[in-house]
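Novice: Just to be clear, the model below is a prediction. Sequence and coordinates:
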Amino acid sequence: MFAGIWLTACTYPIVVLVLPFVFAGFSRAGYLVVAEVFAPVAECILFWLAYGESEQVGKASMWRDFGAITIANLASFLGGEVLNAYGWFGFWN
């Protein structure tokens, strides 16, 4: 649980505060592609730097960890899109 909170704390400010300004002149789709690729890739790298071991490179445990990070990011994105579609956030109505 700690790792998930820590990884999100590292990437969320970039996705929410930095990337919208970088992609201000672009479509929302362009922003979403970059943001939703950046977050899991950066989180996988950070997770590996903090917890990875060289003997685990390429093993099932490494891919399982990376898969869990990617699925968590995808679930978060989809959940946010559903909440936004129903106007539950109230920011972009």
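Specialist: Perfect, I can see it now.
Novice: just how off-centre is stretch 78-87 within its chain?
Specialist: In terms of C-alpha atoms, centre = their mean, to the nearest Å, the centre of stretch 78-87 is set 16 Å apart from its chain centre.
Novice: now stretch 29-44
Specialist: On the basis of C-alpha atoms, centre = their mean, stretch 29-44 sits 6 Å off its chain's mean C-alpha point.
Novice: Please apply the same query to stretch 51-60.
Specialist: 21 Å.
Novice: gap between the two ends of that stretch?
Specialist: The straight-line separation of the ends of stretch 51-60 (C-alpha to C-alpha, to the nearest Å) is 15 Å.
Novice: Report the residue spans of this protein with pLDDT below the cut-off.
Specialist: Within the chain, the stretches with pLDDT under 70 are 89-93.
Novice: what ranges do the strands span in it?
Specialist: In the chain, no strands are defined using DSSP state E.
Novice: Quick one: the helices in it, in order.
Specialist: With helices called from DSSP state H, the chain shows them at 2-13, 19-22, 28-51, 60-85.
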